[in-house]
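Undergrad: Using only what follows, build the 3D model:
(one chain, ligands or ions: 2)
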Amino acid sequence: MFINRLASSTRSVLGNRFRMASNSSVNNVCTGNGIINIDFLKKYNSSAPKYALSEESHARVEGIVNTINRRDVGQTEFLDAVHEVLDTIIPVFAKDPKYIEVFERLVEPERQIAFRVPWVDDQGKVQINRGFRVQMSSALGPYKGGLRFHPTVNISVVKFLAFEQIFKNSLTTLMMGAGKGGSDFDPKGKSDNEVMRFCQSFMTELYKYLGPDTDVPAGDINVGAREIGFLFGQYKRLTTCFNGVLTGKDLNWGGSLIRPEATGYGCVYFAQNYCDYRNVSLVGKKCIVSGSGNVAQYTVEKLLDLGAIPITLSDSDGFILEEKGFSREDIAFVMDLKNHKRGRLCEYLEYSKTAKFFKNEKPWGVPADMAFPSATQGEIDGEDAAKLIANGIQGVFEGANMPSTPEAIHAYKVAKLMYGPAKAANAGGVAVSGLEMAQNSQRQQWSREVVDEKLSGIMKEIFDMSLSSAKEYGLGDDVQSGANIAGFLKVADAMIQQGAV
Ligand SMILES: NC(=O)C1=CN([C@@H]2O[C@H](COP(=O)(O)OP(=O)(O)OC[C@H]3O[C@@H](n4cnc5c(N)ncnc54)[C@H](O)[C@@H]3O)[C@@H](O)[C@H]2O)C=CC1
Ligand SMILES: O=C(O)CCC(=O)C(=O)O
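TA: Ligands and ions are numbered 1, 2, ... in the order given. As a prediction, the model looks like this:
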């Protein structure tokens, strides 16, 4: 009855959108419709009464949900990301309600910067794009997180990515706050000079808010070594400072060995830890990998190192299937095609006699043992997850940020798959960015072996922490919930210690 009363008061605030969402079953707690459905609390009241919130706490959480739904209306990706975390940290609130207020602060960015980016194209015409930086949390260190240049970038996408970064950066055990930024600029089809002029204009506005102890951006989709170079050059010109304001720099001027490899390698290290825990070997396992950029390339490389058989790659035009498995030479071809020639993946067919290309399709229907989504958010929906499970998939490890919709995550958990959520599984990239910052502060460069060993140690620690937090809260081996809880508690305790900030 108590739940009914809460649900009806929520409906009055949210109207029809809520009614649509509330039709979902109790277990299917995340709607994926860009609205936080308070029904997720029922799960705890019915199946795990020890986590039922007191009446006061319940009302508080409901109030927070109503405020976010109202204030951030239309920010689909951000609301989905908040929903996913809320859905898993209720046990923390039940144990100690002081954390509810901290969560309320955490969903509001410390600072959001939005700006015009004018630049001149090769025809001499002025083009305008929109730039963003969301400085989400500085509880654990300077804001830290990548920049994404893609036509789909808007405030919702940047806020969701910055929100994810809070928990991810906390899990790395390093001293990093959370931020994310980018632009709706599309580098596809642009000349190097156009990309340079865009980057220079972007940095001309953003540099005021950055610094090695303030905010340290890095790469993300379509921001790689070339863009980091142009951004750094302009920062240096504007400030006359040569410092570690960006990570992902070239090795010759302050970059770290293993940073380009770190997200993909780290994701496979995470998978290996999970497999060890379940007594499963990666050797001989067929792996579906999506994307063909930085994360996908080095995921494939590390899978090969460990004796697995990566069989797919994709881009926004479709996917390629290399049934025999990619060899190291095949991956060298893909790296050259994507990183230097900036070509499309279908051109791989001109190189391989054995590959097939599936235009406008996603790879999730290909029978395999493990999946490594490494392209973009929302790439595995409920139907895709059903296909993976029907084909006997054993594990899903997220190299991309939020690649699985709430329905997909729910399906993985029901099927008891090994599920490595993005915040934990892809934290290796930002972890090595943290190591790059440390090297820059010392004006030193560590060897490849040293950085790789630290990366693999951090990935093991993230897996162990996520698992032990899940167990501590009586959630079995629910690594997704454990990762959110462990990531949250460290930030939340720091915020409490630092006062009302
Ligand atoms: N680069 C890094 O260190 C980190 C990246 N990530 C995440 O990993 C994912 C991939 O990022 P990167 O590899 O760095 O970017 P990238 O720009 O190097 O590669 C992105 C890849 O995804 C593909 N892609 C983009 N939209 C797609 C779509 N709609 N369908 C199929 N493929 C699509 C592109 O063709 C490209 O191959 C993103 O979600 C990013 O946020 C997460 C942690 C760190
Ligand atoms: O290395 C970094 O700072 C950024 C990594 C990133 O953007 C991510 O983890 O999604």
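Undergrad: excluding its backbone neighbours, what's nearest Gly482?
TA: Computed as CB to CB, 6 or more residues apart in numbering, the closest residue to Gly482 that is not its neighbour in sequence is Ala470, at 3.1 Å. (C-beta placed from N, C-alpha, C; glycine too.)
Undergrad: and if you look at Met136?
TA: Spatial nearest neighbour of Met136, excluding adjacent residues (CB to CB, 6+ apart): Ala162 at 3.9 Å.
Undergrad: Surely the one you found touches Gly182?
TA: No: if you go by CB atoms under 8 Å, Ala162 and Gly182 don't touch, sitting 10.3 Å apart.
Undergrad: Which elements pack onto the helix or strand the residue nearest to Gly482 falls within?
TA: Ala470 belongs to helix 448-472 when assigned by DSSP states H and E. Contacts defined by 3 or more CB pairs under 8 Å, 6 or more residues apart in numbering; DSSP states H and E place helix 448-472 against helix 155-171, helix 259-277, helix 422-425, helix 428-442, helix 479-497.
Undergrad: I'd like to know how far Ala271 sits from ligand 2.
TA: 17 Å (CB to the nearest ligand atom, to the nearest Å).
Undergrad: In contact with that residue, which residues?
TA: If a contact means CB atoms under 8 Å, 6 or more residues apart in numbering, then Ala271 has Leu282, Met370, Phe372, Gly395, Phe397, Met418, Gly420, Ala425 as its contacts.
Undergrad: and Ala371, that one's in a helix?
TA: No: under DSSP: H, G, I helix; E, B strand; the rest coil, Ala371 sits outside any helix and is assigned strand.
Undergrad: quick one on the thing from earlier: now pLDDT too, for the contacts of Ala271, in a markdown table please.
TA: Converted to a markdown table, these look like this (pLDDT from 0 to 100):
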| residue | pLDDT |
| --- | --- |
| Leu282 | 98 |
| Met370 | 98 |
| Phe372 | 99 |
| Gly395 | 98 |
| Phe397 | 98 |
| Met418 | 98 |
| Gly420 | 98 |
| Ala425 | 98 |
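Undergrad: Please list only the buried members of the residues you listed.
TA: Neighbour-count burial (16 or more other CB atoms under 10 Å) applied to those gives Leu282, Met370, Phe372, Gly395, Phe397, Met418, Gly420, Ala425.
Undergrad: Does the fourth one touch Tyr274 like I think?
TA: Yes: at 6.4 Å, Gly395 and Tyr274 qualify as touching, with contact defined as CB under 8 Å.
Undergrad: which residues are common contacts for these two?
TA: Met418, Gly420.
Undergrad: pLDDT on the helix or strand encompassing Glu101, on average?
TA: Secondary structure assignment for Glu101, by DSSP H and E: helix 98-106. In this model, helix 98-106 has a mean pLDDT of 97.
Undergrad: what separates it from the chain centre, distance-wise?
TA: 22 Å (CA atoms, centre = their mean, to the nearest Å).
Undergrad: same deal with stretch 262-276?
TA: Here stretch 262-276 shows a centroid-to-chain-centroid distance of 15 Å under the convention CA atoms, centre = their mean.
Undergrad: Is there proximity between it and ligand 1?
TA: Yes: Stretch 262-276 comes into contact with ligand 1 (CB under 6 Å from any ligand atom), by way of Thr263.
Undergrad: And for stretch 343-357?
TA: No: Stretch 343-357 lies out of reach of ligand 1 by CB under 6 Å from any ligand atom, never closer than 7.1 Å.
Undergrad: Between its first and last residues, what's the separation in that stretch?
TA: Chord length of stretch 343-357, first to last residue, is 15 Å (CA to CA, to the nearest Å).
Undergrad: How about stretch 331-342?
TA: So stretch 331-342: terminal residues 15 Å apart, CA to CA.
Undergrad: Contacts made by it with the rest, please.
TA: So stretch 331-342 is contacted by 224, 292-293, 297, 300-301, 304, 313, 326, 343, 345, 347-348, 351 (CB under 8 Å, 6+ apart).
Undergrad: What residues sit buried inside that stretch?
TA: Buried, per 16+ other CB under 10 Å, within stretch 331-342: Ile331, Phe333, Val334, Met335, Leu337, Lys338, Asn339.
Undergrad: what does stretch 129-139 give?
TA: Asn129, Gly131, Phe132, Arg133, Val134, Gln135, Met136, Ser137, Ser138, Ala139.
Undergrad: Going along the chain, name the helices of the stretch 51-200 of the chain.
TA: With helices called from DSSP state H, counting those that start in this stretch, the stretch 51-200 of the chain shows them at 55-71, 76-95, 98-106, 155-171, 192-206.
Undergrad: Contacts only, for the residue in the chain that ligand 1 sits nearest to.
TA: Nearest to ligand 1, among the residues of the chain, is Gly293, at 1.8 Å (CB to the nearest ligand atom). Taking CB under 8 Å, 6+ apart, we find Gly293 in contact with Ile221, Gly224, Lys338, Ser374, Ala375.
Undergrad: What is the burial count for the closest residue in space to the first one that isn't next to it in sequence?
TA: Closest residue to Ile221 in three dimensions, ignoring its sequence neighbours and counting by CB to CB, 6+ apart: Arg148, at 4.6 Å. As a burial measure, Arg148 scores 24 neighbours (other CB atoms under 10 Å).
Undergrad: Return the member of the buried residues of stretch 331-342 nearest to ligand 2.
TA: Asn339 (17.5 Å).
Undergrad: Looks like Gly482 contacts Asp464 (just checking).
TA: No: the pair Gly482 / Asp464 is not scored as a contact, 9.7 Å apart, by CB under 8 Å.
Undergrad: Tell me the residues of this structure that contact ligand 2?
TA: Close to ligand 2, as judged by CB under 6 Å from any ligand atom, the chain has residues Lys144, Gly145, Gly146, Lys168, Ala218, Asp220, Thr247, Asn401, Gly429, Val430, Ser433.
Undergrad: Using the three-state scheme, assign the fifth one.
TA: At Ala218 the chain is in strand, as set by three-state DSSP.
Undergrad: Next, the contact list for it, please.
TA: So Ala218 contacts Lys144, Gly145, Gly146, Leu147, Ile228, Leu246, Thr247, Gly248, Gly429, Val430, Ser433 (CB under 8 Å, 6+ apart).
Undergrad: before we move on, the earlier item: just the C-alphas of the helix holding Glu101, formatted as CSV.
TA: The C-alpha trace of helix 98-106 is given here as CSV (Å, rounded to 0.1, in the frame of the first residue of the first chain):
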residue,chain,number,x,y,z
LYS,A,98,23.3,9.4,5.1
TYR,A,99,24.4,8.5,1.6
ILE,A,100,21.0,9.5,0.0
GLU,A,101,21.8,13.2,0.4
VAL,A,102,25.3,12.6,-1.2
PHE,A,103,23.8,10.9,-4.2
GLU,A,104,21.5,13.9,-4.6
ARG,A,105,24.5,16.2,-4.9
LEU,A,106,26.3,13.8,-7.2
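Undergrad: Thanks again, I'm all set now.
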